[in-house]
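>>> Provided below for reference: sequence and predicted model.
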Amino acid sequence: MSGASPRPRIALLASRIGFEEKRILEALARHGLSCTHLDTRSLHRELDAAPAPWDAVLNREISATRALYSALALEAAGARVLNSAAATETCGDKWRTSVALSRAGVPTPRTALALTPEAAEAAAEEMGYPVVLKPLTGSWGRRVALLRDRDTARSLFEYCEAMPSPAGRLVYLQAYVDKPDRDIRVAVIGGRAVAAVYRRSADWRTNVARGATTEPCPLTDDLAKLAVAAADGVGAGIAGVDLVEDARGGLYVIEVNHRVEFAGLQAAAGDRVDIGAAIAGHLIEEAAR
Amino acid sequence: MPATDVLVCPSCEAEVAFAAPPMLAEITECAECRTELEVVATDPVLLALAPEVEEDWGE
C-alpha cells in the first residue's frame, strides 16, 4: 500500500448543536475534516441496510433514550460509535455504573438498590442517615434528594411509589459524603485525564446545570488515575467523571457521564487545554483504527 | 447566510445575531428574553423555540 491515508469519514449524532458540539466541529475543521450531522430526530435504519458509511460516529445526543438506541442502530450497521452503546447504557443507569465501578476497584460511596419503596426504607436504615436518593436514570441533579432522617425518607419513598413507570419506583440510595461545598469533574478522553474543575455551589448538589460555578482543580496523579480507572471501568473513551472528597481528603467516584458537558470545564481551564480539540483528536484516532 | 442578516426572536421579537452562519439544529439563546431557540432552516435561516427539556435529557 502507498500514498496518503484516506480521510476519515466522521459523523456527529446530535439533535442539538450547542457550545460543545461547535467546539468539536471547529476542531475537526482545523484538521481539514468535515463531519456529517446525523440528527437523531430524523434517524432511521433498517436492520439489513447497507453498512454505515462512517469510520467513527461521535454520539452527542442529549436524550439518553435516543443516544442509546441510535448507538445500537449504528453499531448494528457496523459503525464505531463513541461512546459505545454498551458504555452509554452503563453510564445511563446509576446502578449499572456502580456495579461497573465496583468491579473495576474504583472507590464509590456505599450504595444500595431497593426494588420497591418499602424495601428502600430498610436499606436506608441499614445504611444510616443521611442518605442520598437518586433516580436510576436522569441527569443534572434532577430528583436527587438528601434524606436526613426517617420521616423525610418515608415521604420521598411515597413519591417514588407514585411514579408512573415501574422503573421509576426502583430506589437507588447512596451514603451521603460530607463533602466541602464542591465536587470535582474530570474530563477523560482516550484514556487520559485532560482537565479537572471544582464545581462549587450553595446547594448541596453541585451540578453546573443547577447553577454551580467552576474553578480550576489541580489534576494530581491520584485524581487522574482514579478518573481514568472510572472511565475504563464503564468502557467510556470519552467521559466526564464526577468525584467527591470526604473530610479526610478521600476521593469517591459518584458518576460517569457518557456525553460530557464541558462548557464549565472549558471556562475554568481557559487556554490551558482545548477539550473540544481533545475529543476531535480522539475521534480521528478511533476513525483510523 | 451573511452574518449581518437580521433575525428575530419568535418569542419576544428582539433581534438575534450569529457571529457566523448558523448550522441546522444549532441552539442559541435570545439575549433579550433568554428563550432557547433552534435553527430549523438555514436557507434562509429560520428560528423556532427550541424543544422543551425532556425527562431523559442530560449528559
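That came through fine. Every value quoted in this text rests on a predicted model; they were computed, and no experiment measured them.
>>> so where do the strands sit in the stretch 101-250 of chain A?
Along the stretch 101-250 of chain A, counting by DSSP state E, counting those that start in this stretch, strands occupy A:111-114, A:131-134, A:145-147, A:171-175, A:182-189, A:192-200, A:213-216, A:238-245.
>>> out of these, nearest to residue B:58?
Taking C-beta to C-beta, strand A:238-245 is the member of the strands of the stretch 101-250 of chain A nearest to residue B:58, at 10.9 Å. C-beta: built from backbone N, CA, C; applies to glycine.
>>> can you give me how far that closest one is from the chain middle?
8 Å (C-alpha atoms, centre = their mean, to the nearest Å).
>>> what of stretch A:61-77?
15 Å.
>>> for chain A, what's the nearest residue on chain B?
residue B:58 (2.1 Å; C-beta to the nearest C-beta).
>>> could you dump the strands of the stretch 101-250 of chain A to CSV with mean neighbour count and distance to chain B?
Converted to CSV, the strands of the stretch 101-250 of chain A look like this (neighbours: other C-beta atoms under 10 Å in any protein chain shown; distance: least, C-beta to the nearest C-beta, whole Å):
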stretch, mean neighbour count, distance to chain B
strand A:111-114, 19, 19
strand A:131-134, 22, 12
strand A:145-147, 18, 16
strand A:171-175, 22, 15
strand A:182-189, 25, 10
strand A:192-200, 21, 13
strand A:213-216, 16, 14
strand A:238-245, 24, 6
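>>> weakest of the ones you listed by average pLDDT?
Here the lowest mean pLDDT among these goes to strand A:213-216, at a mean of 92.
>>> spatially central residue for chain A, please.
Central residue of chain A (C-alpha atoms, centre = their mean): residue A:257, 0.5 Å from the mean position.
>>> quick one: it and residue A:231 touch, right?
No. Using C-beta atoms under 8 Å, residue A:257 is not in contact with residue A:231, being 9.9 Å away.
>>> who touches both of the two?
Common neighbours of residue A:257 and residue A:231, counting by C-beta atoms under 8 Å, 6 or more residues apart in numbering or on different chains, are A:239, A:241.
>>> which positions in chain A make contact with chain B?
Residues of chain A lying close to chain B by C-beta under 8 Å from any C-beta of the partner chain are A:14-18, A:22, A:25, A:37, A:39, A:62-65, A:137-140, A:142, A:240, A:257-261.
>>> so who does the residue in the stretch 101-250 of chain A that chain B sits nearest to touch?
With C-beta to the nearest C-beta as the measure, residue A:139 is the residue of the stretch 101-250 of chain A nearest to chain B, at 2.1 Å. Taking C-beta under 8 Å, 6+ apart, we find residue A:139 in contact with A:64, A:209, A:257, B:57, B:58, B:59.
>>> next, count neighbours for residue 34.
In the absence of a named chain, chain A is used. Neighbour count of residue A:34, defined by other C-beta atoms under 10 Å in any protein chain shown: 11.
>>> meant chain B, my bad for not saying
When neighbours are defined as other C-beta under 10 Å, residue B:34 has 10 of them.
>>> doesn't it belong to a helix?
No. Residue B:34 is assigned coil when assessed by DSSP: H, G, I helix; E, B strand; the rest coil, not a helix.
>>> for residue B:14, see how far away it is.
With distances taken as C-beta to C-beta, to the nearest Å, residue B:34 is found 10 Å from residue B:14.
>>> can you check residue A:26 too?
As judged by C-beta to C-beta, residue A:26 and residue B:14 stand 27 Å apart.
>>> what does residue A:192 give?
As judged by C-beta to C-beta, residue A:192 and residue B:14 stand 43 Å apart.
>>> next one: residue A:11
Relative to residue B:14, and taking C-beta to C-beta, residue A:11 is found at 35 Å.
>>> please name the nearest non-neighbouring residue to the residue nearest to the centre of chain A.
residue A:240 (3.8 Å; C-beta to C-beta, 6 or more residues apart in numbering or on different chains).
>>> what are the structural domain limits within chain A?
Taking automatic domain parsing as the domain assignment, the ranges for chain A are A:10-91+A:284-288, A:110-175, A:182-271.
>>> mind putting the ones you listed in a markdown table, distance to residue B:50 included?
Conversion of the domains of chain A to a markdown table gives the following (distance: least, C-beta to C-beta, whole Å):
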| stretch | distance to residue B:50 |
| --- | --- |
| domain A:10-91+A:284-288 | 7 |
| domain A:110-175 | 16 |
| domain A:182-271 | 15 |
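>>> show me the one of these that comes nearest residue B:38.
The nearest among the domains of chain A, by C-beta to C-beta, is domain A:10-91+A:284-288 at 7.3 Å.
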